[in-house]
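Peer 1: Provide a 3D model corresponding to the input given below.
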Amino acid sequence: MNAPNSPAWPVPVTIAPDALADIQADFSREWLRICEEACRGALTPPADRRFRGPAWVASSQHLLMAHAYLLSARALSRMVDAAQVGEPLRQRLRFSIMQWVDALSPANFLAFNPDAQQTIIETGGRALADGLANLARDLARGRLTQNDDEKFEIGVNVATTAGQVVFENALFQLIQYSPETDKVYQRPLVIVPPNINKFYILDLQPENSFVRYAVQQGHTVFMVSWRNPLPSDDDGIDEATWAQYVDDAVLKALQIASDITGQDQVNALGFCVGGTMLASALAVAKARGQRPVASLTLLTTLLDFEDTGVLQVFVDEAQVALREQQIGRRGLMPGRDLATTFSFLRPNELVWNYVVGNYLKGQTPPAFDLLFWNGDGTNLPGPFFTWYFRNAYLENKLKTPGGTHVGDCALDLTRLTLPAYIYGSREDHIVPWQSAYASTQVLRGPQRFVLGASGHIAGVINPPSSGKRSYWVSEQETLPADPEAWLAQTEQHAGSWWPDWAQWLAGHAGAKRKARSVLGNARYAPIEPAPGRYVKVRAM
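Peer 2: Reported below is the predicted structural model:
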């Protein structure tokens, strides 16, 4: 995206008198209706799930409070929409208003939440004591508990697909997974996950493991497991750059998988930031006259950063310059900061829901593998992060041929002509699906774009066995520039998109041969069983 001008504060925010009058009139009419229904005892619970509990329904005073809150929230939202300001400032206003409105919900306060009060009464005060204990524990840990973490252990009941670590350096370990079929495709699959989180989002439990699914389709799968740098590390990891990750991690992983399997080319898959790194690495290889990859899969990946959704509110010159000053030469971008940022993109679901449950009602969150992974964040080397922050999010240079350099190579993604399978999630708030689709206009090879239902993670982790959701795909060979035009010509299919991808990948994987039971080779001998040590290092 192009860098928005940072406004000088305070900025006068004006609303056209007619628009403001309409908002006020609608507010007054709706408030009058609510009050009349309350007087008649006919006020129904609002659709918002925060206010549909039995205690809310039974209390006319609390129902009135909930309706007044929601009415005020709608009025504030309409005022932001009507404000006579530029779009970058409107996005910031909208985000700020959302934070204040969600934080000030009466459901978040014990004095105004009848459900929480009823829980305390029914438990004889135990819920209050447990809630205070939960609050003290989270204050000591420095983060909000979203999951019963004690129910999961990496390598025991998450990240359990069998394999061996066959290489490691200061940036990553490379896992080779054991075959589960008698024959495997000649060409292996190398997966580059985001280093902003742990790789095991793609290998949660056997029934929802993308890795296990790929192995069961007959692919020899390699996984990059990123190192999680800590403030105590003294080997210079906090000075690692984007170029080092491209050369010493992504391209290195591709080369090792090629060496172990004896193939000139591999198939490669990148997820989120991992896809951005992978595409950058392939462009660097292309500039050097190398073609290490036969086909490319990008899952919820940005190559064109023109529209980064709600994350745009965090991106301007001042924010980027501040991070560059703090950690641009050395230091770490804390995983805690990143996790907090992503949680407040959906504050009701990922923050206040747990404040109410954990602290007001004294509950323990249920065990959920995805939320266990979500709470297992990673730190990032400062130079790596600030390069990405400026060149991608702020200045959107990656899509422009020669717009930026990685090491000594001018980056040109438009020179990538290999076949590509590009996936976006329809309700993704981190990588809007239209922005994932924009990669089709950057890459130049034959492409298949698939749109899945749900969000950034749930859309990707949708195994066929679940029978959930759906996906959209067009069989037209030429993809239009306009994503909405593409959507208009698609057909919706029930269930998971994984089989569609597996069928596509099989066409680029070569013939099948007898699977080898021994992993690695003489040059890259097994170091330790999967999932390895690196993934078990916790940042928070």
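
Peer 1: And the strands in the stretch 201-350 of the chain?
Peer 2: 221-226, 266-271, 293-299, 332-333 (DSSP state E, counting those that start in this stretch).

Peer 1: Name the residue closest to the centre of this structure, please.
Peer 2: By CA atoms, centre = their mean, the chain has its centre lying nearest to residue 456, at 5.2 Å.

Peer 1: closest one to residue 188 among the strands of the stretch 201-350 of the chain?
Peer 2: Nearest to residue 188, of all these, is strand 266-271, at 5.1 Å by CB to CB. C-beta coordinates here come from the backbone N, C-alpha and C atoms, glycine included.

Peer 1: got the contact list for that closest one?
Peer 2: Strand 266-271 has contacts (CB atoms under 8 Å, 6 or more residues apart in numbering) with 187-194, 201-202, 219, 222, 254, 257-258, 275-279, 282, 292-301, 460, 505, 508-509.

Peer 1: didn't residue 67 look like it was pressed against residue 43?
Peer 2: Yes - the criterion here is CB atoms under 8 Å, and residue 67 meets it with residue 43 at 6.7 Å.

Peer 1: first to last residue in stretch 530-538, what's the distance?
Peer 2: Taking CA to CA, to the nearest Å, stretch 530-538 runs 17 Å from one end to the other.

Peer 1: in that stretch, what's buried?
Peer 2: 530, 531, 532, 534, 535, 537 (16 or more other CB atoms under 10 Å).

Peer 1: What about the first one? Give its phi and psi, please.
Peer 2: For residue 530, the backbone dihedrals are phi -60, psi 150 (criterion: degrees, to the nearest 10).

Peer 1: With the second one instead?
Peer 2: Backbone geometry at residue 531, expressed as degrees, to the nearest 10, gives phi -90, psi 10.

Peer 1: how about it, what does it touch?
Peer 2: Residue 531 touches 154, 155, 159, 175, 199, 200, 203, 225, counting by CB under 8 Å, 6+ apart.

Peer 1: burial count for the fifth one?
Peer 2: What it means is residue 199. For residue 199, the tally of surrounding residues (other CB atoms under 10 Å) stands at 27.

Peer 1: And it, its phi and psi?
Peer 2: phi -70, psi -20.

Peer 1: I'd say it and residue 193 touch.
Peer 2: Yes - using CB under 8 Å, residue 199 is in contact with residue 193, at 4.1 Å.

Peer 1: Mind listing the shared neighbours of the two?
Peer 2: Joint contacts of residue 199 and residue 193 (CB under 8 Å, 6+ apart) are 223, 224, 226.

Peer 1: ok, residue 128 touching residue 120?
Peer 2: Yes - contact criterion CB under 8 Å: residue 128 and residue 120 qualify, at 4.9 Å.

Peer 1: Now do the shared contacts for those two.
Peer 2: Common neighbours of residue 128 and residue 120 (CB under 8 Å, 6+ apart) are residue 362.

Peer 1: for the strand or helix carrying residue 101, packing partners?
Peer 2: Taking DSSP states H and E as the criterion, residue 101 maps to helix 87-103. With contacts taken as 3 or more CB pairs under 8 Å, 6 or more residues apart in numbering; DSSP states H and E, helix 87-103 sits against helix 60-82, helix 347.

Peer 1: possible to save those helices as a markdown table with mean pLDDT and mean neighbour count?
Peer 2: Formatted as a markdown table, the helices and strands packed on helix 87-103 follow (pLDDT from 0 to 100; neighbours: other CB atoms under 10 Å):
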| stretch | mean pLDDT | mean neighbour count |
| --- | --- | --- |
| helix 60-82 | 95 | 17 |
| helix 347 | 90 | 17 |
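
Peer 1: Of these, which is nearest residue 414?
Peer 2: helix 60-82 (37.1 Å).

Peer 1: what angle separates the closest one from helix 87-103?
Peer 2: Interaxial angle, helix 60-82 versus helix 87-103 (axes from the mean of the first three to the mean of the last three CA atoms, to 10 degrees): 170 degrees.

Peer 1: residues in contact with helix 60-82?
Peer 2: 15-16, 19-20, 23, 26-27, 30-31, 34-35, 38, 41, 43, 45-46, 48, 50-51, 55-57, 90, 93-94, 97, 101, 104-107, 112, 114.

Peer 1: Now do the helices in the stretch 201-350 of the chain.
Peer 2: Ranges of helices within the stretch 201-350 of the chain are 210-216, 242-245, 251-261, 273-287, 317-327, 335-343, 347, based on DSSP state H, counting those that start in this stretch.

Peer 1: which of those sits most buried?
Peer 2: helix 273-287 (a mean of 24; mean count of other CB atoms under 10 Å).

Peer 1: Output the helices and strands packed on helix 87-103 as a markdown table; include the columns distance to residue 366.
Peer 2: Converted to a markdown table, those look like this (distance: least, CB to CB, whole Å):
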| stretch | distance to residue 366 |
| --- | --- |
| helix 60-82 | 26 |
| helix 347 | 20 |
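
Peer 1: Could you dump the helices of the stretch 201-350 of the chain into a markdown table and include distance to residue 450?
Peer 2: Formatted as a markdown table, these follow (distance: least, CB to CB, whole Å):
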| stretch | distance to residue 450 |
| --- | --- |
| helix 210-216 | 14 |
| helix 242-245 | 27 |
| helix 251-261 | 24 |
| helix 273-287 | 14 |
| helix 317-327 | 33 |
| helix 335-343 | 24 |
| helix 347 | 30 |
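
Peer 1: Least confident of these, on average?
Peer 2: Mean pLDDT is lowest for helix 335-343 out of the helices of the stretch 201-350 of the chain, coming in at a mean of 85.

Peer 1: Name the next helix or strand downstream of that one, please.
Peer 2: helix 347.

Peer 1: Which strand or helix spans residue 400?
Peer 2: Going by DSSP H and E, residue 400 is not in any helix or strand.
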